[in-house]
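**Q** next comes the sequence, and after it the predicted model I'd like to discuss.
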2 protein chains.
Amino acid sequence: MRKLIIFVFALTHLSAAFGQPKNSEMKNFTLVIHGGAGTILKKNMTDEKEAAYKEQLNKALQTGYKILSEGGTSTDAIEAAIMVMEDSPLFNAGKGAVFTNDGKNEMDASIMEGKTLEAGAVAQVNTIKNPIKAARAVMEKSQHVMMVGEGAVRFARENKLEIVDSSYFYDEKRWQQLENIRGSNDVEMDHSEERGDVNKKQFDAEFDATVDEKFGTVGAVAIDVYGNIAAGTSTGGMTNKMYGRVGDSPIIGAGTYANNKTCGVSCTGHGEYFIRAVVAYDISAIMENKGVSLEEAANEVIHKKLVEMGGSGGIIAVDSKGNYALIFNTEGMYRGVVKADNKPEVYIYKN
Amino acid sequence: MRKLIIFVFALTHLSAAFGQPKNSEMKNFTLVIHGGAGTILKKNMTDEKEAAYKEQLNKALQTGYKILSEGGTSTDAIEAAIMVMEDSPLFNAGKGAVFTNDGKNEMDASIMEGKTLEAGAVAQVNTIKNPIKAARAVMEKSQHVMMVGEGAVRFARENKLEIVDSSYFYDEKRWQQLENIRGSNDVEMDHSEERGDVNKKQFDAEFDATVDEKFGTVGAVAIDVYGNIAAGTSTGGMTNKMYGRVGDSPIIGAGTYANNKTCGVSCTGHGEYFIRAVVAYDISAIMENKGVSLEEAANEVIHKKLVEMGGSGGIIAVDSKGNYALIFNTEGMYRGVVKADNKPEVYIYKN
């Protein structure tokens, strides 16, 4: 008996020495992902398409799960999960990014760590294969938080990230979407006019239509066995966008936020509203200042504050206890969750 | 007597019909401005230099005061006050913007209205004479919040904003600053290395040194006689910056925020920390969630949360009752305030 105790004691301390988590902690990790929110309706979906999305969402969850279950960090897990979705043409990020008005791809991404509050973001990058890796490089290998355009691409190149020809991002379906929008009603056509209710409503309707086609942004949030939270978001922006428009995805506080004291959040939706409502940080701030649960804070922001402003979209989030929230005010959100028991769940429509 | 009452009644209602404020409200407006925070020490300042700064700060205050006292909006007032500072080479915004590593100017600006929560921002723009006007055009004439780089310049041009040759921004003193930094220790030299305490400390020291030379960002916040708050910020960024770095100034929530329910805020300081701490919005969120005063909320963010993270800088802010805060954790901040009694006050050092 004594030997057994010593053996167990030694084992526990050996694990600790190698940075391994204790077994009880091992059970406490959570990974959530999203692949965009919008008017995603079952009636518009084929069985094949639905199966394809679920397959990719499951692949992203399994990729992150493997890392977390082996004692990897939340940062590694969310980066890997996001890369699976960036590499799939199903989602509007990385390969599959939508086209701007002049037929280019301009991608944005951001990442944040809840332990250190370190963060990184890139915006308007075109030839970086995985923008989320560039955001991470900005966080880890520079003293800056945000880099934009050519400068960000140069930084990625100097840090040995994979640079691809812009043809890599070409996707026939995305191109057709651009042609369709160009041919009918241009999302950005009325830019030179004064804003007004008519323009705004038209724009919102067009936004819903394009979201329906482009299925938004991707993101992941996790807490690892060490209790550290990380969150990340990656997007190809809006089909047919002009004027170097940047949405909420690369904005720390708006599209992405993480803090071990409260929660990690990744957003998807009508980016302009998410910026103005500082959505990701607001959920954390409400938890911190009012002491309410993640679910309560997220519901207040998504179903109350954002709705009052007229903003549509959703969030995925994880709190410091491993609780999670997958909340949206649209018809659907591609989303999934996996915990240490490895029973991944993926959803598309409202439950 | 009866005639007098009818006359006064008619006058009041005529005023209302033309959108004029009532006289009692007329007294309640506040404008605050800043011209950057940093290690600004009296021992490094000549009387002439000090007088020049105070003159420009007073000019900015008077320009905004005139608008507010005549019943103009807070948006008009802060835009005009910021333009005075953008047009002066004393401040690091517009004319006087510092140079990037490759000898260019890349400017950022943002603006937000507290009544509608509408916002606009531009980043990495080079030939727009007054970036704050471009931010306002994005807010008022597009459905977007943020535009970056060439696209933002094209938008400004299409909206008839003044475009100038890049030589307009040339300032001998700024160029010398770039040469000095290039010659000694490059702010961005260690980008390809892993972050570490040494690099970070070195960077912070360099930041202090450069802030001392470039005197940061400019900004203004006001509440008008209608009770509407507006906030704006404009900057030339960091001397010798590389890789398309963007700081907090064009980030809604970080560098600028306004909400009639709480307050308006404009920030200046070490931008990376202000992004990670979501400083401008945090002050509003603490007021909203905890019901504390502007001063208490601003002190908590600038003197506690930001200091714990290692971030230096300051804020100017106005709340919905016209109270104001000029708070910083650095040696000094160029700042000023004027209320309806037209007794402008400007300060540079700690009081």
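**A** Looks like it arrived, so ask away.

**Q** who in the stretch 201-350 of chain A is up against chain B?
**A** For the stretch 201-350 of chain A, the contact set with chain B under CB under 8 Å from any CB of the partner chain comprises A:203, A:242-247, A:251-254, A:257, A:271-272, A:275-278, A:281-282, A:285-286, A:289-290, A:309. C-beta coordinates here come from the backbone N, C-alpha and C atoms, glycine included.

**Q** among those residues, which lie within strands?
**A** Mapping these onto strands (DSSP state E) picks out A:245-246, A:257.

**Q** neighbour-wise, which one of the residues you listed leads?
**A** Counting neighbours by other CB atoms under 10 Å in any protein chain shown, residue A:257 comes out on top of those with 36 neighbours.

**Q** report pLDDT for the residue nearest to it when sequence neighbours are not counted.
**A** Excluding its sequence neighbours, the residue lying closest to residue A:257 (CB to CB, 6 or more residues apart in numbering or on different chains) is residue A:280, at 3.7 Å. We have a pLDDT of 98 for residue A:280.

**Q** over to residue A:197?
**A** 39.

**Q** those helices in chain A, which residues are they?
**A** For chain A, the helices defined by DSSP state H cover A:2-17, A:23-26, A:47-69, A:74-86, A:131-141, A:149-158, A:172-183, A:197-214, A:271-276, A:279-290, A:294-299, A:306-309.

**Q** in CSV: those, plus mean neighbour count and distance to residue B:305.
**A** Listed next are these as CSV, based on neighbours: other CB atoms under 10 Å in any protein chain shown; distance: least, CB to CB, whole Å:
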stretch, mean neighbour count, distance to residue B:305
helix A:2-17, 10, 32
helix A:23-26, 12, 28
helix A:47-69, 18, 30
helix A:74-86, 27, 23
helix A:131-141, 26, 20
helix A:149-158, 21, 28
helix A:172-183, 15, 42
helix A:197-214, 17, 35
helix A:271-276, 27, 22
helix A:279-290, 25, 10
helix A:294-299, 21, 19
helix A:306-309, 16, 25
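
**Q** wait, which of those is closest to residue A:348?
**A** helix A:47-69 (6.5 Å; CB to CB).

**Q** any idea how far that closest one is from the middle of the chain?
**A** Computed by CA atoms, centre = their mean, to the nearest Å, the chain-centroid distance of helix A:47-69 equals 15 Å.

**Q** same thing with stretch A:69-84?
**A** That offset, for stretch A:69-84, works out to 13 Å (CA atoms, centre = their mean).

**Q** report the mean confidence score over it.
**A** Stretch A:69-84 comes out at a mean pLDDT of 98.

**Q** can that stretch be found next to chain B?
**A** No - Stretch A:69-84 does not reach chain B (CB under 8 Å from any CB); its nearest approach is 13.8 Å.

**Q** dump that stretch to CSV, restricted to CA.
**A** Output in CSV follows, covering the C-alpha atoms of stretch A:69-84 (Å, rounded to 0.1, in the frame of the first residue of the first chain):
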residue,chain,number,x,y,z
SER,A,69,-6.6,16.0,-25.1
GLU,A,70,-2.9,15.6,-25.5
GLY,A,71,-2.3,18.6,-23.2
GLY,A,72,-1.8,21.1,-26.0
THR,A,73,-2.7,24.8,-25.5
SER,A,74,-6.0,26.5,-26.4
THR,A,75,-4.0,28.7,-28.8
ASP,A,76,-2.8,25.7,-30.7
ALA,A,77,-6.2,24.1,-30.7
ILE,A,78,-8.2,27.1,-32.0
GLU,A,79,-5.5,27.9,-34.6
ALA,A,80,-5.7,24.3,-35.9
ALA,A,81,-9.5,24.2,-35.9
ILE,A,82,-9.7,27.5,-37.7
MET,A,83,-7.1,26.4,-40.3
VAL,A,84,-9.4,23.4,-41.1
